[in-house]
Structures are given as C-alpha cells and as structure tokens.
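Visitor: Sequence and predicted model, in that order:
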Amino acid sequence: MANRIKAMQQGKPSVPELKDNEAKRTTIILEKNEREFIEALIRSGKEAGIKPLISKMLDIYKSMMIYDWNFPGDYYCGISRMAFVNVELLNILTLQVPKDKWHEVGKKMGNALKVSIQTTIGADATEQESWETVFNRLRVQGFGDLYLKDKFLLLKTPFINDCEIWKGILEGLLSVQLETRNSVPPLVFEILKSQPPTV
C-alpha cells in the first residue's frame with residue numbers, strides 16, 4: 001500500500017508484480033465496426049461485457065480446436081472433418097433411411113464417434129469415468145446435452161429427433177446396452193449392461 005501511495009505521489013501508476021498464475025492485463029485495439037458490434041451485443045443483453053465475451057470466444061476456440069482449422073470450409077477437429085449443417089438437413093437425411101435400419105445406422109455412427117473422440121481428445125468412451133468428458137465433447141459439437149443419472153442416460157436438445165437412432169449412437173459410442181424409457185426429448189435410456197467394445 002505504501003508503495004502505491006508513493007508511486008501516486010510521484011505521478012506514476014503502480015504496476016503490481018504478477019505471478020505466473022495471475023491474470024495479466026492485455027490491450028486489444030478494435031476497429032470501429034468491431035467495437036460497435038460488441039457494444040450492440042452488450043446493449044441487447046446477448047453478452048455481459050467485453051471480458052466475458054473474449055473468455056467465451058477463447059473457450060470455444062479451445063473446445064472446438066479452431067486452431068486446427070485451415071481456412072473457411074475446411075474444418076478439422078482432430079482426425080474428423082467438421083461441417084456446419086442445418087439440423088433440418090440431417091433429419092431429412094435420416095428420414096431416407098428405412099426405419100428398421102435406424103438402430104444399426106446409429107450404432108455405426110456411435111462407433112465412428114468413439115474412434116474420433118478417442119483420437120482427438122484421448123477419452124475412452126467405453127470407460128464410464130470418461131463419460132463426462134465425452135458428453136462435454138458432444139455438447140460442444142452440437143449433438144445435445146447428455147447426462148448420467150444413476151443408471152439412466154438423459155439427452156436434452158438432441159440434434160437428431162429419432163430416439164432409435166440415438167439409442168444406436170449411444171450403444172455404439174459407450175459400448176452399452178440400452179432400453180428406451182422416454183422416446184421424445186428429453187430422451188431417456190436405461191443402461192442395462194456394458195458390452196465389449198466393437199470397432
């Protein structure tokens with residue numbers, strides 16, 4: 001405190017010494033239109049302020065592995081090519097698959113997801129201890145919000161509407177056998193037993 005007062009008396013601002021784990025001040029120079037855009041987001045209540053916005057952007061940048069993206073339209077997250085696709089288009093596509101194949105197709109999708117997640121973030125989806133990490137990855141990629149409650153899997157806001165496809169996806173991804181308990185969102189599946197993983 002005495003040093004701050006002394007520095008203020010000398011007309012120089014006091015700059016505190018920072019340890020490695022402490023926050024550090026950074027200056028960002030924004031173009032006028034960038035600043036106006038951010039201020040409009042804050043005014044409309046979509047963002048709380050510049051600092052929370054930048055923190056959120058950095059979180060998205062890390063979670064989505066945006067640093068691996070080459071240029072617009074060529075997005076990779078680990079070994080998987082990513083695309084921003086309307087959910088409506090995916091649902092149109094799933095409707096072209098015969099209903100008796102939905103579970104099988106879902107299981108193949110789940111197995112592909114398992115490999116992608118394992119190689120990208122190192123999480124083994126067949127191990128229940130990794131499920132929180134796996135569920136967070138799926139949430140970041142827009143699949144929906146997955147939760148484990150005792151022996152039940154709860155899926156809120158799924159990006160594909162059909163429960164049978166989701167049952168297949170989750171069985172393939174997590175190597176479990178499921179029984180559907182609620183077939184409309186939020187989807188609920190009971191875990192009956194673990195199965196040996198298949199690739």
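Guide: Arrived safely, thanks for sending. Numbers count the residues shown, from 1 in each chain.

Visitor: Surely Ile42 touches Gly49?
Guide: Yes: Ile42 is within contact range of Gly49, at 6.1 Å (criterion: Cβ atoms under 8 Å). Where C-beta positions appear, they are placed from N, C-alpha and C, glycine not excepted.

Visitor: Which one of these two is surrounded by more residues?
Guide: Using other Cβ atoms under 10 Å, the more surrounded residue of Ile42 and Gly49 is Ile42, with 15 against 11.

Visitor: Tell me if I am right that that one is in a helix.
Guide: Yes: the assignment for Ile42 by DSSP: H, G, I helix; E, B strand; the rest coil puts it in a helix.

Visitor: List the contacts of the longest helix seen in the chain.
Guide: Taking DSSP state H as the criterion, the chain has its longest helix at helix 102-121. The contact list for helix 102-121 (Cβ atoms under 8 Å, 6 or more residues apart in numbering) reads 65, 77-80, 94, 97, 123-126, 133-134, 137-138, 162, 164-175, 197-199.

Visitor: ChimeraX command to pick out the buried ones of the residues you listed?
Guide: Command for ChimeraX, covering only those of the contacts of helix 102-121 found buried under the criterion 16 or more other Cβ atoms under 10 Å:
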select :65,77,80,94,123,124,125,126,133,134,137,138,162,164,165,166,167,168,169,170,171,172,173,174,175
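
Visitor: Point out the ones among the contacts of helix 102-121 that are inside helices.
Guide: 94, 133-134, 137-138, 164-174.

Visitor: out of those residues, which one sits closest to Val184?
Guide: Trp166 (11.3 Å; Cβ to Cβ).

Visitor: so where do the strands sit in the protein?
Guide: Assignment of strands within the chain using DSSP state E yields the ranges 75-77, 80-82, 145-149, 152-156, 176-182, 187-194.

Visitor: now these as JSON lines including distance to Glu22?
Guide: Formatted as JSON lines, the strands of the chain follow (distance: least, Cβ to Cβ, whole Å):
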{"stretch": "strand 75-77", "distance to Glu22": "31"}
{"stretch": "strand 80-82", "distance to Glu22": "35"}
{"stretch": "strand 145-149", "distance to Glu22": "34"}
{"stretch": "strand 152-156", "distance to Glu22": "37"}
{"stretch": "strand 176-182", "distance to Glu22": "44"}
{"stretch": "strand 187-194", "distance to Glu22": "44"}
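
Visitor: Including distance to Leu58 and mean pLDDT, could the ones you listed go into JSON lines?
Guide: Output for the strands of the chain, formatted as JSON lines (distance: least, Cβ to Cβ, whole Å; pLDDT from 0 to 100):
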{"stretch": "strand 75-77", "distance to Leu58": "16", "mean pLDDT": "82"}
{"stretch": "strand 80-82", "distance to Leu58": "19", "mean pLDDT": "81"}
{"stretch": "strand 145-149", "distance to Leu58": "22", "mean pLDDT": "95"}
{"stretch": "strand 152-156", "distance to Leu58": "26", "mean pLDDT": "96"}
{"stretch": "strand 176-182", "distance to Leu58": "34", "mean pLDDT": "96"}
{"stretch": "strand 187-194", "distance to Leu58": "32", "mean pLDDT": "91"}
